[in-house]
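Asker: okay, structure incoming, though there's no sequence with it:
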């Protein structure tokens with residue numbers, strides 16, 4: 001019963017430290033991502049009305065790296081608290097030894113490995129896919145449906161001319177549209193207009209708002225005048241509504257094709273839960289049992305190990321893509337971390 005109370009106490013401190021680190025890092029990352037997103041919006045890469053979604057998608061994409069770091073820091077701070085507050089020796093004498101700490105660390109790591117694996121394999125690619133679709137749609141509106149401000153634009157697919165006083169990313173104001181068929185002529189004036197893609201029609205509909213339309217037949221002096229709140233004009237042209245997705249934005253089922261680039265992406269996603277489990281060994285290896293030795297004493301070496309581990313996985317992924325590296329070599333960073341943990345353990349026993 002006493003050991004169960006001590007395990008619950010340790011696990012409670014672990015969760016408290018995890019959420020403290022997690023929310024701190026999320027706030028910092030959110031501010032950084034907001035700054036980068038506003039810069040991209042200023043460069044007309046993303047639509048300005050999608051900022052909350054972009055921040056959410058960008059943060060979710062960082063979670064496979066963020067969550068392992070938060071868990072490792074939580075383990076360091078929890079173990080460091082026991083040394084700082086001189087609780088480590090009473091815990092050891094009460095039977096709560098290194099084996100119990102390792103057991104709880106591994107149990108926590110396995111739970112987080114499942115969560116990180118789900119985010120890495122399912123949620124992060126979906127976030128990347130949404131980001132790419134937002135970028136592609138905004139580019140589509142700004143490029144293939146662009147109206148130059150203050151210039152007449154000859155329309156493809158129809159015999160007509162389009163003019164707007166102001167235009168930006170497919171949105172226009174003070175618009176004039178002239179369309180001439182074999183016998184039919186139409187003039188339209190509106191306060192504003194925008195493009196709406198129609199995938200079923202392989203083109204877009206030009207939506208004009210709050211204007212007048214003059215129409216008649218060639219050779220006749222009479223025109224029909226119609227006041228409208230909304231008028232849609234279809235312009236046929238080929239456009240890629242759904243862009244070709246990068247491997248980072250593809251689902252796991254679409255990646256299983258044997259292509260080298262796809263295999264590298266599968267390796268990267270599956271590495272995330274493995275990283276969580278292997279990193280959970282290092283806080284215990286750096287545990288300092290001296291009373292009042294400080295809460296953050298192991299932060300720097302483990303942070304260096306964490307960054308080295310992440311960079312090694314990325315390096316071997318890029319090396320695999322740029323050379324004829326054997327697929328089995330992709331597990332080298334994980335084997336290196338196992339070897340490093342074993343060497344640290346042997347070194348501590350020797351000294």
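Answerer: The structure has been received and is ready for your questions. Predicted model, so just to flag it, every value in this text is computed and none were measured.
Asker: double-check that residue 314 belongs to a helix.
Answerer: Yes - read with DSSP: H, G, I helix; E, B strand; the rest coil, residue 314 is one of the residues of a helix.
Asker: and the residue nearest to it when sequence neighbours are not counted, how many neighbours?
Answerer: What sits nearest to residue 314 in space, not counting adjacent residues and going by Cβ to Cβ, 6 or more residues apart in numbering, is residue 268, at 7.8 Å. All C-beta spots, glycine's among them, are computed from the backbone N, C-alpha and C. Counted with other Cβ atoms under 10 Å, the neighbours of residue 268 add up to 18.
Asker: and residue 268, what does it touch?
Answerer: Residue 268 sits next to 313-314, 317 when contact means Cβ atoms under 8 Å, 6 or more residues apart in numbering.
Asker: which residues of the stretch 151-300 of the chain fall in helices?
Answerer: Under the criterion DSSP state H, counting those that start in this stretch, the stretch 151-300 of the chain contains helices at 252-255, 260-279, 282-285, 299-322.
Asker: nearest to residue 64 among the ones you listed would be which one?
Answerer: Nearest of those to residue 64, taken as Cβ to Cβ: helix 260-279 at 4.1 Å.
Asker: buried residues in the closest one?
Answerer: Buried residues in helix 260-279, counting neighbours by 16 or more other Cβ atoms under 10 Å, are found at 262-265, 267-279.
Asker: repeat for stretch 13-23
Answerer: By 16+ other Cβ under 10 Å, the buried positions in stretch 13-23 come out as 13-14, 17-18, 21-22.
Asker: quick one: which of those sit in helices?
Answerer: If you go by DSSP state H, the buried residues of stretch 13-23 have 13-14, 17-18, 21-22 in helices.
Asker: contacting residues around stretch 223-230?
Answerer: The contact list for stretch 223-230, computed with Cβ under 8 Å, 6+ apart, reads 190, 207-216.
Asker: want to throw these into JSON lines with pLDDT, distance to residue 29 and neighbour count?
Answerer: Listed next are the contacts of stretch 223-230 as JSON lines, based on pLDDT from 0 to 100; distance: Cβ to Cβ, whole Å; neighbours: other Cβ atoms under 10 Å:
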{"residue": "190", "pLDDT": "91", "distance to residue 29": "43", "neighbour count": "24"}
{"residue": "207", "pLDDT": "84", "distance to residue 29": "38", "neighbour count": "15"}
{"residue": "208", "pLDDT": "87", "distance to residue 29": "42", "neighbour count": "23"}
{"residue": "209", "pLDDT": "89", "distance to residue 29": "39", "neighbour count": "15"}
{"residue": "210", "pLDDT": "90", "distance to residue 29": "43", "neighbour count": "14"}
{"residue": "211", "pLDDT": "90", "distance to residue 29": "46", "neighbour count": "21"}
{"residue": "212", "pLDDT": "90", "distance to residue 29": "51", "neighbour count": "13"}
{"residue": "213", "pLDDT": "88", "distance to residue 29": "51", "neighbour count": "19"}
{"residue": "214", "pLDDT": "86", "distance to residue 29": "55", "neighbour count": "14"}
{"residue": "215", "pLDDT": "86", "distance to residue 29": "55", "neighbour count": "14"}
{"residue": "216", "pLDDT": "83", "distance to residue 29": "60", "neighbour count": "16"}
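Asker: residue 325 touches residue 319, doesn't it?
Answerer: Yes - assessed by Cβ atoms under 8 Å, residue 325 is found in contact with residue 319 at 5.4 Å.
Asker: ok, those two, which is more surrounded?
Answerer: Neighbour count, other Cβ under 10 Å: between residue 325 and residue 319, residue 325 has more, with 17 against 14.
Asker: distance of residue 318 relative to residue 345?
Answerer: For residue 318, the distance to residue 345 equals 31 Å [Cβ to Cβ, to the nearest Å].
Asker: no no, residue 333
Answerer: 19 Å.
Asker: who's more crowded, those two?
Answerer: Comparing residue 333 with residue 345 by other Cβ under 10 Å, the one with more neighbours is residue 333, at 23 against 13.
Asker: ok, the more buried one - contacts?
Answerer: Going by Cβ under 8 Å, 6+ apart, the list of residues near residue 333 reads 271, 309, 312-313, 315-316.
Asker: show me what contacts residue 309?
Answerer: Counting by Cβ under 8 Å, 6+ apart, residue 309 touches 275, 278-279, 333, 337.
Asker: tell me the predicted confidence for it.
Answerer: Per-residue pLDDT puts residue 309 at 93.
Asker: on the three-state scheme, the residue nearest the centre of the chain is what?
Answerer: In the chain, the residue lying closest to the centroid (Cα atoms, centre = their mean) is residue 61, at 2.9 Å. Classification of residue 61 using three-state DSSP returns helix.
Asker: now do the one 3 residues further on
Answerer: Three-state call for residue 64 (three-state DSSP): helix.
Asker: run a quick neighbour tally on it.
Answerer: Using other Cβ under 10 Å, residue 64 has 25 other residues around it.
Asker: I figured residue 135 hits residue 45, correct?
Answerer: Yes - with contact defined as Cβ under 8 Å, residue 135 counts as touching residue 45 (6.1 Å).
Asker: adding distance to residue 229 and pLDDT, write the buried residues of stretch 13-23 out as JSON lines.
Answerer: Below are the buried residues of stretch 13-23 laid out as JSON lines (distance: Cβ to Cβ, whole Å; pLDDT from 0 to 100):
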{"residue": "13", "distance to residue 229": "63", "pLDDT": "85"}
{"residue": "14", "distance to residue 229": "60", "pLDDT": "88"}
{"residue": "17", "distance to residue 229": "58", "pLDDT": "90"}
{"residue": "18", "distance to residue 229": "55", "pLDDT": "92"}
{"residue": "21", "distance to residue 229": "54", "pLDDT": "92"}
{"residue": "22", "distance to residue 229": "49", "pLDDT": "94"}
